[in-house]
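Peer 1: quick one: sequence plus predicted model below, questions after.
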Amino acid sequence: MVRAKVSHFFAEADRLQLAAVAALMALGVAFVYSATMAGEPLGLGQQFAELRFIEFVRWLCAKFFFKQAVWYGVGVAAALAICLVDYRVLARWAFVIYWVSIVLLVAVLVPGVGAVRYGARRWIDLGALQFQPTEFAKMAVILALAHYLSRPKDELKQTAVFAKAVGMLALPFVLILKEPDLGSAVVLVPTVLAMLYAAGAPARLLRLLLGGICLLGALFVIDVLFAPPNWQIKLQDYQRRRLLVYFGRDYTPPAGASQAEIERLKQQQLDDTYHVRQALISVGSGGLTGKGFCKGTQNALGYLPRTVAHNDFIFSVIAEEKGFIGSVTVLVLYGVVLLTGLRIAARARDRLGRLLAVGIVTLLFSQMFINIGMNIRLMPVTGVPLPLLSYGGSAVVSTLIGIVLLQNVYVNRKGY
Amino acid sequence: MPIFDQLRKADPQLRLLGMLMLFGLGILMIGLWWIQIVSADEYRAKVQTQSFRTVRIPPVRGKILDRNRLVLADNRPAYNINLYLEELRDAFQAAYKAEVQSFRERLRTNSCQDATNTAVRTTRLKLSASERAMLRKRARAVVVTNIVTQLSARLELAVGWDPAGFERHYTQALPLPFTLVTGLDQARLARFEEQLVTVPGLELEVTPMRVYPYGSLAAHLLGHVRRDTGSAEGEEAFLDYPLPVYRGVVGIEGGFDQYLRGRAGAKSVMVNSLGYRQAETVWSEAVPGANVVLTIDLAVQQAAENALARLGPHTRGAVVVLDPRDGDVLALVSSPTYDPNIFVRGLSQADWAWLSDPKLRPQINRATQAAYPPGSIFKLITALACLETGLDPSAKIYNPPAPANPARGHIQVGRRIIHDTAPPGEYDFRRGLLKSSNTYFITNGLKAGIHAIIGLARRFYLGEKTGFPTRQEVGGTLPSLRRISTHWYDGDTANICIGQGPVSVTPLQMAVMTAAIANGGKVYWPRIVARVDPQPGQPGASELVYPRGRLRGELGVNPRYIALLREAMLAGVEDPESTAYAAFHQHDRPRLSRFRVCGKTGTAQVMDEQNRVIDHITWFVSFAPYEQPRYVVVVMVESGGSGGTTCAPVACEIYRALERLESEALLASDVTSR
């Protein structure tokens, strides 16, 4: 029964998209390997040759690339489970899922439940397992909003409905900002905007919302960059500095600062631009064809910091080792995933499927754009992972769930 | 694009979204194109500058050999123990953790003593950056101290290390190893190899050290080196770590530095983001320097040095031994001397005091670098000039006794009385020369005229450098033709006739002059370097041969006159009346068994500004054997007694050594150079 369902699913799935996703996963394992194994004395082959099998497995389990492969496995398993259920059935549970994820987002803020890493409280620690509720909250928001907006178009004209939809975005948005995880919060905005637009929300309200967001964003940036200290919004120090770095502004020492203080700020600025500078050097020095797999020096010598090379800055590793050809390949693969996703939206059986597809595709696009943009200094540094490539269990599993939801919409498409 | 075509049929919203996404992908693509294609070189250069350091590899310096290929300047392996810091990273980290631990421990105990409840808070407090830097520094010091203690115990050698120097090395030259011990001796070397090879971070390094195996032998001629981190012309400049190479300063080391120094290699060291060495690539191997083969004969040089040293270690003098047949320099001695090895080891205070002694001036090569009044040895030139202008050698001149000292002769030139060291009496050419009579040579010199004398001196190239390649040569002085054409008086000519006045020469010039007399009129360029041999196995490098017997000029004097002069010089040694007789004879029997020596003594007066005699420069120029001259020996001693009593014995000693060397076949009687 289950087997028949799965094979039916695959027979009807969008194979082009699945192929692109599989290729991205293969690249993910390969470059997480390259990014984390550079400092190791022995490579995979040698370890296999030299160790007994059980030792080899133990060795593998400690390695990021293997964990990444395991996470892919977990994600695929979750996807298989989901593909058994029609997305319309799933959508009935949308609000339950939504509120569960809100509870988790609140829980992560509670000290003792949420674990702090790198100064942000983003993880829920279950002992052996840690996961980021943010990643699942993104999917939950899309599912819930798709469900909510799938009502007849006319209802959307009511301002109250529109406002409620915006409210459904605002709640997790604020909670995620609180963690703080500016990047993940920000990617929700275009996602929701695209869904509202695709749902046929009235243009007047959309324009109002877009204008409001732009105004708020501009005010925020102006405030951070130019406002006198006591007028500034309270931001995490590192967030303010990242923004200053992105906009190429010097750190302004407080009035009456000592020479040592000014020096310290200068050094701080140099340190803070370090990630961006080194990522840019990695990407640029790759040239057309790159330095070759596992031959990137920036990562191996630790100029590209080891802590971020395999997750947020994995694109730099790919670009350095495979050059322009490699980075364009990655872009093309994403392009395939995104456009097939939009095709799925176009051929969806109902408004729910269409909105779900649009939401997932826009989320993938936003994350990819912000992440790659940050690697080449088009975007400020925020902790947004590159979907499917960056190391990270929660992100990988959540992205794979998103992909399988897309496929679910496709399998149950129009005229079938 | 097929996917997009399908979207066309769909609603405009999805089309707009699709366009926006394609636009976004396009922006990323353009950005990547700009960075990875257009500006790629710029970023590659940045990778280079941040992750590569260039290091100079010092080459092995060429040797300096004597004519029989005996080594005068050599390289000896010096064994150093180096500490490779990148291998200590784990140890540094562990020590740092321990330091942090104990630091917090101390904070805790302090706050416990305050009996407040802040203990827990204090231990969690983050350390400030300066505290962390301080702890890291201390951790490094602990690790190095441990290694040094271990090393000292195993080697049974008190190894000292300078923490400040280490910190400097750590911050400025991290990719390079830190040298702990230099110049390990054989016993400790063996002990190190046995016991310490397994200690991480310690490694033995062998560097070539310049060494002069005979110490002060020919020190002035060989010159010395210094360690230099600069780049010479044609060498790779702009290195991050130009390890010091030897540079010749003076002497052969200086003059032939471009051949001896070889070519430094270069390697680039890849460093990681913390500055530790990660890998090395050698892009050019060091090319060892070429060997320089001198014309010097080690045995002759030793004999000459020993002979001069008999006058005492503080003797200021010089000896030149020359082969008159081709101008090859067989020995070149200057005294006082020094050990050039001290420049390699590093000068001590005492060394420095000795080298810069204002009176002894040991750094001066007196054979080539100082010009002295020739005194009576200039009479050889005066004699030739007189003979050329028609002097009858058998014509006699009466030398009247001086009024003040009837045992000595004198001559009056103008209103000036010039005393003669020779007794009054009748003098012909032979007696004039062997008794070195001032009266005889002034009388005849005035007849010959200053132009004849200066003209002849010019044909000996006096007043000009001999082209000695040691960066330590002066040309001496000789009045120019212009100088003697106006305001020149007989008194001045009289001075020149006896080698006083505005004329000064170097011992080497005198040796060349004597050689020309000995060989019948050929003035050679003195040759000190026979050839430059590149190290075997260096393709492209060709040997450089300096031909022997390079003629500088012919005297053009009638051979009969030269023969007359040589006879008179023979008498200058063999006639019992002569100035050098005593030095070459013992109980009226010649001290030399085979050589018949021709010689001329000289004692020049050194005047101060008030024309008072303040010092004497004593000379003895000679050649032997009389029949077929093979050796020219010139001895000069400052502040000597007289040429005959001070310098002639030194020359005699040298000839005795030469005779002995020839009889032992250590010195081929017909010296030929390949």
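Peer 2: That came through, no problem. Numbers count the residues shown, from 1 in each chain, chains lettered A, B, ... in the order given.
Peer 1: CA only for contacts and neighbour counts going forward, please
Peer 2: Will do.
Peer 1: surely B:R226 forms part of a strand?
Peer 2: Yes. Using DSSP: H, G, I helix; E, B strand; the rest coil, the assignment for B:R226 is a strand.
Peer 1: get me the contact residues on the stretch 301-416 of chain A for chain B.
Peer 2: A:301-303, A:323-324, A:327-328, A:331, A:335, A:338-340, A:342-343, A:345-346, A:365, A:369, A:372-373, A:376, A:378 (CA under 8 Å from any CA of the partner chain).
Peer 1: sorry, wrong one. I was asking about chain A.
Peer 2: Within chain A, the positions adjacent to chain B are A:194, A:197-198, A:280-288, A:298, A:300-303, A:323-324, A:327-328, A:331, A:335, A:338-340, A:342-343, A:345-346, A:365, A:369, A:372-373, A:376, A:378 by CA under 8 Å from any CA.
Peer 1: let's see which of those end up in helices.
Peer 2: Among these, the ones falling in helices (DSSP state H) are A:194, A:197-198, A:280-286, A:298, A:300, A:323-324, A:327-328, A:331, A:335, A:338-340, A:342-343, A:345-346, A:365, A:369, A:372-373.
Peer 1: next secondary structure after the least confident helix or strand in chain B by mean pLDDT?
Peer 2: Ranked by mean pLDDT, DSSP states H and E, the weakest helix or strand in chain B is helix B:119-124, scoring a mean of 47. Later in the chain than helix B:119-124, the nearest helix or strand by DSSP states H and E is helix B:129-155.
Peer 1: dump whatever helix or strand comes next after that next one to CSV, restricted to CA.
Peer 2: Proceeding N to C from helix B:129-155, the next assigned helix or strand is helix B:163-172, under DSSP H and E. The C-alpha atoms that make up helix B:163-172 are tabulated as CSV, following Å, rounded to 0.1, in the frame of the first residue of the first chain:
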residue,chain,number,x,y,z
PRO,B,163,62.3,35.7,26.1
ALA,B,164,62.2,39.1,24.6
GLY,B,165,64.0,37.9,21.5
PHE,B,166,61.7,35.0,21.2
GLU,B,167,58.6,37.2,21.4
ARG,B,168,60.1,39.4,18.7
HIS,B,169,60.7,36.4,16.6
TYR,B,170,57.2,35.2,17.3
THR,B,171,55.6,38.4,16.2
GLN,B,172,57.8,39.2,13.3
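Peer 1: right, and the helix or strand after helix B:163-172?
Peer 2: strand B:178-181.
Peer 1: check which helices and strands that next one sits against.
Peer 2: Here strand B:178-181 touches strand B:71-83, going by 3 or more CA pairs under 8 Å, 6 or more residues apart in numbering or on different chains; DSSP states H and E.
Peer 1: report the angle between the strand it packs on and helix B:129-155.
Peer 2: Here the directions of strand B:71-83 and helix B:129-155 differ by 120 degrees (axes from the mean of the first three to the mean of the last three CA atoms, to 10 degrees).
Peer 1: how distant is the helix or strand just after strand B:71-83 from the center of its chain?
Peer 2: Using DSSP H and E, the helix or strand that directly follows strand B:71-83 along the chain is helix B:89-113. Helix B:89-113 sits 55 Å away from the centroid of its parent chain (CA atoms, centre = their mean, to the nearest Å).
Peer 1: could you check the angle helix B:89-113 makes with helix B:129-155?
Peer 2: 120 degrees.
Peer 1: in which helix or strand would I find residue 308?
Peer 2: Went with chain A since none was named. Taking DSSP H and E as the definition, one finds A:V308 inside helix A:306-309.
Peer 1: could you do chain B instead?
Peer 2: In this assignment (DSSP H and E), B:L308 forms part of helix B:298-309.
Peer 1: CA atoms only: put that helix into PDB for me.
Peer 2: Below are the C-alpha coordinates for helix B:298-309, written out as PDB (Å, rounded to 0.1, in the frame of the first residue of the first chain):
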ATOM      1  CA  LEU B 298     100.700  28.700   0.600                       C
ATOM      2  CA  ALA B 299     104.200  27.600   1.600                       C
ATOM      3  CA  VAL B 300     105.800  30.700   0.300                       C
ATOM      4  CA  GLN B 301     103.100  32.800   2.000                       C
ATOM      5  CA  GLN B 302     103.800  31.000   5.300                       C
ATOM      6  CA  ALA B 303     107.600  31.400   4.800                       C
ATOM      7  CA  ALA B 304     107.200  35.100   4.100                       C
ATOM      8  CA  GLU B 305     104.900  35.700   7.100                       C
ATOM      9  CA  ASN B 306     107.200  33.800   9.400                       C
ATOM     10  CA  ALA B 307     110.200  35.700   8.200                       C
ATOM     11  CA  LEU B 308     108.400  39.100   8.800                       C
ATOM     12  CA  ALA B 309     107.000  37.900  12.100                       C
END
